[in-house]
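J.: 3D model of this:
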Amino acid sequence: MKFRLLVVDDEKNIREGLAVSLEMDGYEVVTAVDGDVGLKRFGKGDIDLVITDLRMPGLSGEELLRHVTTENPGIPVIVLTGHGTVENAVEAMRRGAWDFLTKPVNLDHLSQLVKRALQNRELALKHRELEEELAQKKQFETIIGTSAPMRRVFDTISRAAPTKASILITGESGVGKELVADAIHGLSPRKGKPLIKVHCAALAESILESELFGHEKGSFTGAVSRRRGRFELANEGTLFLDEIGEIDQNIQIKLLRVLQEKKFERLGGEETIETDVRLVAATNKDLKAEIEKGNFREDLYFRLNVVNIHVPPLRERKDDIPLLIAAFLKEFARENNKTIEGVNEKARAAIYAYDWPGNVRELRNCVESAVVMTPGPLIGPEDLPPTIRRGNDEGWIRIPLGSTLEEAEKIIIRDTLSAQRGNKSRAADVLGIGRKTLHRKLADHADHADYGADGDDGYEEEEL
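T.: Residues are numbered from 1 along each chain as shown. Sure thing, here's the model as predicted:
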């Protein structure tokens, strides 16, 4: 990395002499004839260190120092003074200067000061990057997943969180939209301010309006005192509106005004209140379809959907199931004071075969139930809820009651071969029989034509 230094001095010989010396040390140097020009050049945002004279016409070195340390306190400033007044230099140090030198400048001493200052800046930048990385990892700890769809979600959160843009989180119920809202707030500049959550679907229209905007005393029956709404409480922070698709048209209009003007009035009040809120909304509805039905305002949709984060359903990211199960097992085993080693093969098959219409929330409940029900260290299919234990056609073989042994065997062979895409060698392995035995049984059941090519890989087994 090649550092860029700014040298500010109204004396041409000193300015140019310092520039030549520093360039010989390998730095890129830009110069300014006075404090005003120096401040303008510093404003471009690409300066790593400033060297400034203390006394200059126009904007003084003290004023330039104050601007630099206020706007970017991580930039080191070395102050030069030709008056030999230690008092002034000490005052500059108190105001945030890295160090000071008296003129005439000892170039070797300056070189060492610059080197140490930049090393310190590099360490500070690396420390800040590490802190930001750790903070990001901490925010994502509650959102479990390494699949490609979830990596896209993490990437969008990382890009959008530091901005002021409104965000619309979409996805089915139970996918973890609220956790995404938590991560957005935690990675934003507003993380030290309130994160206020409102679940719109749980409140009637009249209650929701008061909840959002507040009310004045006597504005309706039961309003015995003034109450601040969530927009006031979330000022300078983040307001998360869950199930935004459920709000009434009248509230939609008021919500649109707040997003456009940053202003609102309490219910029954006349005072206009200004607010600075970052809005994050979530819905499991198709808002475009709701717009076509006349249930949702298109202008509000565009205001909310500046950035869209779609959280995929669990059935589209089954690669994340092992991580989710491990996390939930650890949580619920600790809560129930049990030692759980894991999930056995048959239970895993049932879990993978299930489509999880309730998504991560349903999986979490399933694991909690299994931990409670299992008598041993391993969770088996008998410990799973009935709907999951039954599963669906994928991964399960259904044999109708009343079937003969011959009919049951035929169904087992047929469905196993189908699951192995017609590969008879793999089907024989799954069934625990030799390939020749499988061929004979297929001939006995006259099922040759049902599965196409043999799919053999040249591996030959003895008959059992």
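
J.: give me every residue that touches the residue lying closest to residue 26 once chain neighbours are set aside.
T.: The spatial neighbour of residue 26 that comes closest, neighbours along the chain excluded (CB to CB, 6 or more residues apart in numbering), is residue 2 at 7.2 Å. In this view, the C-beta of every residue, glycine as well, is placed from N, C-alpha and C. Listed by CB atoms under 8 Å, 6 or more residues apart in numbering, the contact partners of residue 2 are 26-28.

J.: give me the number of residues near residue 189?
T.: By other CB atoms under 10 Å, the residues close to residue 189 number 12.

J.: quick one: contacts for the residue nearest to it when sequence neighbours are not counted?
T.: Nearest residue to residue 189 in three dimensions, chain neighbours excluded: residue 162, at 6.5 Å (CB to CB, 6+ apart). Taking CB under 8 Å, 6+ apart as the contact definition, residue 162 lies against 187-189.

J.: Quick check: beta-bridge partners of the closest residue to residue 164 other than its chain neighbours?
T.: Leaving aside its chain neighbours, residue 164 sits nearest to residue 278 (6.1 Å; criterion: CB to CB, 6+ apart). With DSSP bridges as the criterion, residue 278 is bridged to residue 238.

J.: thought residue 278 was touching residue 187?
T.: No - the pair residue 278 / residue 187 is not scored as a contact, 11.8 Å apart, by CB atoms under 8 Å.

J.: The most centrally placed residue in the chain and residue 96: what is the separation?
T.: Geometric centre of the chain, nearest residue: residue 157, 3.9 Å, by CA atoms, centre = their mean. Here the criterion is CB to CB, to the nearest Å. By it, residue 157 lies 35 Å from residue 96.

J.: wait, is the residue nearest to residue 26 part of a strand?
T.: No - if the criterion is DSSP: H, G, I helix; E, B strand; the rest coil, then residue 2 is coil and not within a strand.

J.: ok, back up a step: by neighbour count, which of the contacts of residue 2 wins?
T.: Scoring the contacts of residue 2 on neighbours with other CB under 10 Å, the highest-scoring entry is residue 27 at 19 neighbours.

J.: Model confidence score at that residue, please.
T.: With respect to pLDDT, residue 27 scores 93.

J.: List the buried residues of stretch 278-295.
T.: 278-284, 287, 290-291, 295 (16 or more other CB atoms under 10 Å).

J.: Same check on stretch 153-169?
T.: 153-154, 156-157, 160-161, 166-169.

J.: Can you flag which of those residues belong to helices?
T.: 153-154, 156-157, 160 (DSSP state H).

J.: quick one: which of the residues you listed is nearest residue 17?
T.: Using CB to CB, the shortest approach to residue 17 within these belongs to residue 160, at 48.4 Å.

J.: So that closest one versus residue 403, what's the distance?
T.: Residue 160 is 56 Å from residue 403, by CB to CB.

J.: How many residues are close by residue 207?
T.: Counted with other CB under 10 Å, residues neighbouring residue 207 total 10.

J.: That one: what secondary structure?
T.: On the three-state scheme (three-state DSSP), residue 207 is labelled helix.

J.: Residue 240 too?
T.: strand.

J.: is it true that it touches residue 195?
T.: Yes - applying CB under 8 Å, one finds residue 240 in contact with residue 195, separated by 6.6 Å.

J.: So between those two, which is more surrounded?
T.: Neighbour count, other CB under 10 Å: between residue 240 and residue 195, residue 240 has more, with 27 against 19.

J.: Going by residue numbers, what spans are helices in the stretch 1-150 of the chain?
T.: Taking DSSP state H, counting those that start in this stretch as the test, the helices found in the stretch 1-150 of the chain are 12-24, 35-42, 61-71, 86-94, 107-140, 148-160.

J.: would you list these in TSV and tack on distance to residue 347 and mean pLDDT?
T.: Output for those, formatted as TSV (distance: least, CB to CB, whole Å; pLDDT from 0 to 100):
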stretch	distance to residue 347	mean pLDDT
helix 12-24	68	93
helix 35-42	64	92
helix 61-71	59	87
helix 86-94	68	69
helix 107-140	28	75
helix 148-160	24	93
